[in-house]
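Enquirer: need a structure here:
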Amino acid sequence: MNKHATDARERLKKTTLSNGVRVVSESIPSVRSVSVGIWVHTGSRDEAPPESGISHFIEHMVFKGTSRRRMHQIARRMESVGGYLNAFTGKEYTCYYARALDEHLARAVDTVCDLVLDPVIPEKEVEKEKDVVLEEMKMYEDNPEDLIFDRFESALYGDHAMGRPVIGYPETVASFSRPQLLEFLDTQYTPDRMVLAVAGNVDHERLVRLAEQAFTRSTRRPALRRRSPVNGYAPRHLLEERPTQQAHLVVGARAYDVHHPRRVALSVLHTIVGGGMSSRLNQNIREKYGYCYNIYSFLNLHSDTGDFGVYMGTDPSKVDRAKKLIFRELDKLTQKPVSRRMLSQAISQVKGSIMLGLESMGSRMMRLGRQELHFERFFTLDEILGQVEAVTQEEVLDVARELFVPERFSSVVLMPRL
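Expert: A predicted model of the protein is given here:
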């Protein structure tokens with residue numbers, strides 16, 4: 001192991017508290033900030049059908065007050081020292097995070113821990129927040145480029161929880177009650193499902209002491225997980241009319257999960273297909289034919305499944321032709337290996353994206369949290385870059401031939417209403 005890799009490992013530390021909370025940190029002494037995140041290993045796929053959207057709703061509600069602070073105090077707690085506080089909910093996890101100067105580490109840790117450990121969920125705020133979330137739904141409904149991905153996930157996963165929108169449905173959100181929210185918190189927000197991840201100018205031993213102090217308040221105990229495996233896949237084709245000027249199209253299929261040995265090769269292939277202005281799709285469909293302003297491929301890797309697809313917006317009269325052009329580009333990648341030059345450029349692009357992302361403490365914290373949830377271990381930058389550099393022309397060809405089978409692809413089209 002070279003000195004750079006050794007130094008990187010020395011900056012990465014992990015401690016598991018007696019109650020099961022995992023504390024992971026990456027020390028970057030050259031910066032003056034810290035990014036702090038509490039990752040809860042629960043998301044929309046852990047919801048029963050009548051609970052659809054409850055994880056996202058709880059993410060909203062914890063900001064409405066805790067046993068120690070009122071709503072306005074939470075809002076000001078980080079902003080008053082020039083910091084930042086926010087959260088997001090995904091399919092498989094929820095994250096509450098703060099950014100602050102390193103001198104305010106204790107405040108940041110205390111604040112995010114307070115949100116997940118001691119929310120009071122005020123009854124009157126529950127009813128008020130239902131209206132807020134319903135307005136959020138309308139916002140997504142008004143944005144076809146957001147809406148189409150919910151429709152695409154429904155096409156891929158059907159009635160499984162992975163196919164339901166993270167935000168839920170109007171009828172499920174309207175049904176939420178305070179006791180229901182508290183029960184979900186007690187059974188899902190347990191210490192064994194939590195990771196405290198911090199990146200920046202942080203001392204790990206001090207961080208562990210702060211975590212131990214914060215989590216002594218928790219009385220929750222581990223509960224059985226009800227997460228079910230994804231169901232079988234059969235392609236679906238959906239067409240929906242919307243009040244838009246442009247047609248929006250997604251074609252895609254199930255792909256690898258985050259543990260698959262070919263996931264890195266797929267990432268490189270995704271970059272070749274639609275990962276920027278120099279990608280095959282952008283050069284051939286936008287630049288050559290002028291069929292669209294926006295076209296790109298996307299890749300989602302989950303714990304036991306994943307998906308790959310292509311999005312574009314185009315004139316309604318060009319949808320069928322655009323589909324054919326997309327599949328023609330995908331088919332070319334199954335016929336023969338990409339050139340050494342193209343592979344080298346894609347590898348450099350992936351490496352550059354990874355390395356530029358590490359200039360942000362927030363990105364480093366996100367990487368720490370996700371790695372711990374998915375792999376329960378760290379991957380140093382050298383390890384990650386080594387995996388990318390090891391991708392071969394033959395491996396990219398094999399992945400393309402396995403995944404780019406037109407008969408496996410689902411499609412969703414949002415067509416302007418006449």
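Enquirer: quick check: domain ranges of this protein?
Expert: Partitioning the chain according to automatic domain parsing yields domains covering residues 13-215, 237-416.
Enquirer: distance between the ends of the longest one?
Expert: Counting by Cα to Cα, to the nearest Å, you get 19 Å between the two ends of domain 13-215.
Enquirer: who's in contact with residue 311?
Expert: Taking Cβ atoms under 8 Å, 6 or more residues apart in numbering as the definition of contact, the neighbours of residue 311 are 145, 148-149, 248-250, 294-298. Bear in mind the C-beta positions are built from the backbone N, C-alpha and C, glycine included.
Enquirer: need the contact list for the most centrally placed residue in the chain.
Expert: Nearest to the centroid of the C-alpha atoms of the chain, with distances taken as Cα atoms, centre = their mean, sits residue 90, at 5.8 Å. Taking Cβ under 8 Å, 6+ apart, we find residue 90 in contact with 43-44, 166.
Enquirer: before we move on, what about residue 258?
Expert: For residue 258, the set of contacting residues under the criterion of Cβ under 8 Å, 6+ apart consists of 301-303, 306, 374.
Enquirer: now, which of the residues you listed lie within helices?
Expert: Judged by DSSP state H, the subset of the contacts of residue 258 located in helices is residue 374.
Enquirer: wait, is residue 388 part of a helix?
Expert: Yes. Assessed with DSSP: H, G, I helix; E, B strand; the rest coil, residue 388 lies in a helix.
Enquirer: coming back round to it: out of the domains of the chain, which comes closest to residue 227?
Expert: Shortest separation from residue 227 across those is recorded for domain 13-215, at 5.7 Å, computed as Cβ to Cβ.
Enquirer: mind showing which ranges of this protein have poor pLDDT?
Expert: For the chain, the stretches flagged by pLDDT under 70 are 1-9.
Enquirer: Can you show me the strands along it?
Expert: The residue ranges that make up the strands of the chain, judged by DSSP state E, are 12-16, 22-27, 33-40, 84-89, 94-101, 194-200, 237-242, 247-254, 292-301, 306-314, 410-416.
Enquirer: Of those strands, which stretch is the most buried?
Expert: strand 194-200 (a mean of 27; mean count of other Cβ atoms under 10 Å).
Enquirer: For the most far-flung residue of the chain relative to its centre, list the residues it contacts.
Expert: Ranked by distance from the centre of the chain (Cα atoms, centre = their mean), the top residue is residue 418, with 35.4 Å. Under the criterion of Cβ under 8 Å, 6+ apart, the neighbours of residue 418 are residue 241.
Enquirer: cool, and residue 408?
Expert: Residues in contact with residue 408, defined by Cβ under 8 Å, 6+ apart, are 233, 235, 253-254.
Enquirer: Go through the residues you listed and name the one nearest residue 342.
Expert: Within these, proximity to residue 342 (Cβ to Cβ) peaks at residue 253, which comes in at 22.9 Å.
Enquirer: so the closest one sits right up against residue 306, yeah?
Expert: No. In terms of Cβ atoms under 8 Å, residue 253 does not count as a neighbour of residue 306; the distance is 10.0 Å.
Enquirer: Present the strands of the chain as a markdown table; the columns should include distance to residue 387.
Expert: Output for the strands of the chain, formatted as a markdown table (distance: least, Cβ to Cβ, whole Å):
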| stretch | distance to residue 387 |
| --- | --- |
| strand 12-16 | 17 |
| strand 22-27 | 19 |
| strand 33-40 | 23 |
| strand 84-89 | 27 |
| strand 94-101 | 25 |
| strand 194-200 | 21 |
| strand 237-242 | 35 |
| strand 247-254 | 22 |
| strand 292-301 | 14 |
| strand 306-314 | 17 |
| strand 410-416 | 29 |
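Enquirer: residues contacting the nearest residue to residue 146 once chain neighbours are set aside?
Expert: In space, and not counting its chain neighbours, residue 146 is closest to residue 140: 4.7 Å by Cβ to Cβ, 6 or more residues apart in numbering. Each residue near residue 140 by Cβ under 8 Å, 6+ apart is listed here: 146-147, 150, 167.
Enquirer: Out of the contacts of residue 408, which comes closest to residue 66?
Expert: residue 254 (40.3 Å).
Enquirer: Enumerate every residue touching that closest one.
Expert: With contacts defined as Cβ under 8 Å, 6+ apart, the neighbours of residue 254 are 156, 233, 305-307, 408.
Enquirer: So it versus residue 363, what's the distance?
Expert: Here residue 254 is placed at a distance of 27 Å from residue 363 (Cβ to Cβ, to the nearest Å).
Enquirer: need the contact list for residue 354.
Expert: Residue 354 sits next to 381, 384-385, 388 when contact means Cβ under 8 Å, 6+ apart.
Enquirer: Out of these, give me the one that has the most neighbours.
Expert: Counting neighbours by other Cβ atoms under 10 Å, residue 388 comes out on top of the contacts of residue 354 with 21 neighbours.
Enquirer: you'd agree it is up against residue 350?
Expert: Yes. Checked against Cβ under 8 Å, the pair residue 388 and residue 350 is within contact range at 5.2 Å.
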